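In: have a look at this prediction, sequence included:
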Amino acid sequence: MSELASLIDPSKRIGTVTRVTASAVELTLPNALAALGRRGLAKGSVGDFVFVDCDRSAILGRVTEVGIPDRQRNALEHQIEVDPTVEPQGRVQLLATVSKTTRKVTRGINTQPRVGDGVYPAEGGALSNSIKDALEGDMKRDSAPLLVELGHLSGLDDAALSIPPEKLFGRHCGVFGATGGGKSWTVSRLVNEIVRIGGKCILFDPTGEFTGKVAGAWQYSFSETGNDDQPLVRFPSENLSELDLHALLTPTGQSQGPALRSATKSLRMARVLAADAERFPFEENGSRRNVLIRRGDDPVGHVVMEEQGTIEKSNQSRLAYGQAELTLADELAVETCQFDFNALSRQVRNECVRPVHNNDASRYGQLDNNAVGYCNSLIIRIETFLTSPELACLFSDNGLDICREIERFLTDPSAKAMVLSFEKVSFKHNTRELLLNALGRYLLGLARRGKFRQSPLVCCLDEAHQFIGRTVGDEFNRVSLDAFGLIAKEGRKYGLTTVIATQRPRDVPQDVLSQLGTLFVHRLTNDRDRETIERACGDLDRSAAAFIPSLSQGEAIIVGPDLPAPLPIMLSKPEQGQQPESHGPNYQKYWGATKPVQLTEES
């Protein structure tokens, strides 16, 4: 088969270029008319891929408009029952240039078409091979390159589309689409393809629809499920940031906020002092421990630690505490809490002391009952949260430590996918937002320490609009949900990339959208959502975006810097057992029932 024949079949010419613009051509389409009884023989309809023959190269295009000239429309109506003499015309958006000799697809229009050039239908196999050759051109691998199999170009069943993971995930990936457009199926396809080619990914599942739908995945849940294949996990509270803690506890700005900040510092100090007895010798004093603090070799005083792991301040040495702060400045400056939350309420009370003791500035004063009263609501809130079932995923000792499970997953070469279900995590107290943001921050911390340079990881976040670009807390205690935004901005250089899936792209910040390389755009009917996508992706012009509202289920326009042009693709249906549980309520089954329905906690 010659290269020319592989792209263009001269016997199948469907039109001739009549007008040329910078990004499109107009052409005659004499066989596009759906004449009476010959509709199936018509050639050239909206959405068809075509080649414009430009001598040494061919221009790949897509038909975006077909019509009858105004002057011929009346004639068409009168001749509809016989062979019409009208001649349809069309418009083709120019997408990319294909070399006839190498069949390589390159971005842009390197050779401008001319009036009179022929237009031919694109043959699926040749087009697919040209795109594949262009994407694999710089891949270096001893064996056949790894490819993520996505589906086929819309309308061309023989035009399979496969993309190397470097081109798909290397610059982050976005999956956008309204409800019912196929967004969840695309996420399932991507995750299962990562597993198939031997990669590693973590899927954050807010709704539980991916439970049991990823081949060989390690599955966990942050709430009891009764499923042995989905063990209970928790995020250790000591790995929360201090900002998370303030957003959760919402202390008042004047009295409770300073007391809480002092208490977290004291508890971090107590943990370090207790862990390094050689550096900080101590002597037992009943249920207390007097820890010696030195400045160089000279003793300064003692910090008194209680058996609960708290630091007593009432009537104790300010000098010793201040010197301990200076000595442990680096340890106390960490972003995470790094203390036992069970001791926090007592330590907040311990912070409520007078500044000095009887004009002796070297010692703290007595307990200030007024300050204790001001902090009483905070103390009660802390103790309530410790036993709250909604916050068990953070403060309970039940369940596996998810941070340890993630590190075990990363070091196991046979583990390919992890699915974390947030289905039953409470919306109360912004629990699920803070939890997922803390997990993202934890993964970014691992990335900054070089954990993914030799083993790249892809994080898939469904329903991303709930967790990106928002703030939680009150006006005095706000925390930005920026963990996955930071991964999108800086994770790539560390080997940590993300797939962001959402039905509301307008709610994702522009600085995050601008970091996404490859986009899967399913059906979007909201004007603001479509405008957001158009602004975020310069390759998606008005002509290509016009197809977005009418995309069928599972169909998407894939756009990316490594692709020759925006390509409409029909994603392959997930394998049996891998289809997410994203269907709506079954009205036929439950409406019209004559028997009373028993409401249970699960229903």
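Out: Looks like it came in fine.
In: tell me the secondary structure at the one residue sitting closest to the centre of the chain.
Out: Computing the C-alpha centroid of the chain and ranking residues by CA atoms, centre = their mean puts residue 500 first, at 2.7 Å. Three-state call for residue 500 (DSSP: H, G, I helix; E, B strand; the rest coil): strand.
In: that one and residue 173 touch, don't they?
Out: Yes: assessed by CB atoms under 8 Å, residue 500 is found in contact with residue 173 at 7.3 Å. Backbone N, C-alpha and C define where each C-beta goes, glycine included.
In: now do the shared contacts for these two.
Out: Here residue 500 and residue 173 have residue 516 as joint contacts, going by CB atoms under 8 Å, 6 or more residues apart in numbering.
In: any weak-confidence spans in the chain?
Out: Applying pLDDT under 70 to the chain picks out residues 1-6, 35-41, 73-84, 137-142, 538-539, 541, 582, 594, 597-603.
In: and residue 487, that's in a strand?
Out: No: checked against three-state DSSP, residue 487 lies outside a strand; its state is helix.
In: for it, grab the count of nearby residues.
Out: For residue 487, the count of nearby residues is 26 (other CB atoms under 10 Å).
In: contact partners for it?
Out: Residue 487 is in contact with 440, 443, 444, 447, 459, 496, 497, 498, counting by CB under 8 Å, 6+ apart.
In: same check, this time on residue 111
Out: Shown in contact with residue 111 (CB under 8 Å, 6+ apart): 54, 55, 56, 57, 59, 97.
In: cool, residue 579 as well?
Out: Contacts for residue 579 (CB under 8 Å, 6+ apart) come out as 185, 188, 213, 573.
In: can you tell me which of those residues are classed as buried?
Out: 185, 188, 213 (16 or more other CB atoms under 10 Å).
In: which SS class is the last one?
Out: Meaning residue 213. coil.
In: right, and it touches residue 577 too?
Out: Yes: contact status for residue 213 versus residue 577: in contact at 7.0 Å, counting by CB under 8 Å.
In: and the closest residue to residue 496 other than its chain neighbours, how far from residue 187?
Out: Nearest non-adjacent residue to residue 496, counting by CB to CB, 6 or more residues apart in numbering: residue 447, 4.0 Å away. Per CB to CB, to the nearest Å, residue 447 is found 21 Å from residue 187.
In: ok, back up a step: next up, identify which helix or strand the residue nearest to residue 496 is on.
Out: Take DSSP states H and E as the rule and residue 447 turns out to sit in helix 431-448.
In: which strands and helices sit next to that helix?
Out: strand 201-205, helix 242-249, helix 392-395, helix 402-411, strand 457-461, helix 483-490, strand 496-502 (3 or more CB pairs under 8 Å, 6 or more residues apart in numbering; DSSP states H and E).
In: tell me the angle of the longest one relative to strand 457-461?
Out: Translated: helix 402-411. Orientation note: helix 402-411 sits at an angle of 130 degrees relative to strand 457-461 (axes from the mean of the first three to the mean of the last three CA atoms, to 10 degrees).
In: buried stuff in helix 402-411?
Out: Buried, per 16+ other CB under 10 Å, within helix 402-411: 402, 403, 405, 406, 409, 410.
In: about what we covered before: just among the contacts of residue 111, which is most surrounded?
Out: Highest neighbour count within the contacts of residue 111: residue 59, with 24 neighbours (other CB under 10 Å).
In: doesn't that one lie inside a helix?
Out: No: applying three-state DSSP, one finds residue 59 to be strand, outside a helix.
In: now do the same contact list for it.
Out: 51, 52, 94, 95, 96, 97, 98, 109, 111, 113.
In: check residue 423 too.
Out: Neighbours of residue 423 in contact, by CB under 8 Å, 6+ apart: 205, 206, 207, 208, 211, 221, 223.
In: change it to 7 Å
Out: Residues near residue 423 by CB atoms under 7 Å, 6 or more residues apart in numbering: 207, 208.
In: and it, how far from residue 278?
Out: Residue 423 is 47 Å from residue 278, by CB to CB.
In: swap in residue 334?
Out: The value you get for residue 334 to residue 278, if CB to CB is used, is 21 Å.
In: please say which of those two ends up with more neighbours.
Out: Comparing residue 334 with residue 278 by other CB under 10 Å, the one with more neighbours is residue 334, at 11 against 5.
In: if we can go back for a sec, my read is that the residue nearest to residue 496 contacts residue 498, right?
Out: No: under the criterion of CB atoms under 7 Å, residue 447 makes no contact with residue 498, lying 10.9 Å away.
In: about what we covered before: closest to residue 16 out of the helices and strands packed on helix 431-448?
Out: Nearest to residue 16, of all those, is strand 496-502, at 43.4 Å by CB to CB.
In: who are the packing partners of that closest one?
Out: Here strand 496-502 touches strand 173-176, helix 183-196, helix 431-448, strand 457-461, helix 483-490, going by 3 or more CB pairs under 7 Å, 6 or more residues apart in numbering; DSSP states H and E.
In: may I have it as PDB, with CA atoms only?
Out: Taking Å, rounded to 0.1, in the frame of the first residue of the first chain, the C-alpha atoms of strand 496-502 are listed here in PDB:
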ATOM      1  CA  LEU A 496       3.000  13.300  40.900                       C
ATOM      2  CA  THR A 497       0.200  14.200  38.500                       C
ATOM      3  CA  THR A 498      -3.500  14.400  38.800                       C
ATOM      4  CA  VAL A 499      -6.700  13.600  36.900                       C
ATOM      5  CA  ILE A 500      -9.400  16.200  37.800                       C
ATOM      6  CA  ALA A 501     -13.000  15.200  37.000                       C
ATOM      7  CA  THR A 502     -16.000  17.500  37.500                       C
END
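In: can you point out the buried residues in the very next helix or strand once past that strand?
Out: For strand 496-502, the succeeding helix or strand toward the C-terminus, using DSSP H and E, is helix 510-513. The neighbour-count check on helix 510-513 (16+ other CB under 10 Å) flags 512, 513 as buried.
In: residues near residue 246, how many?
Out: Residue 246: 21 neighbours (other CB under 10 Å).
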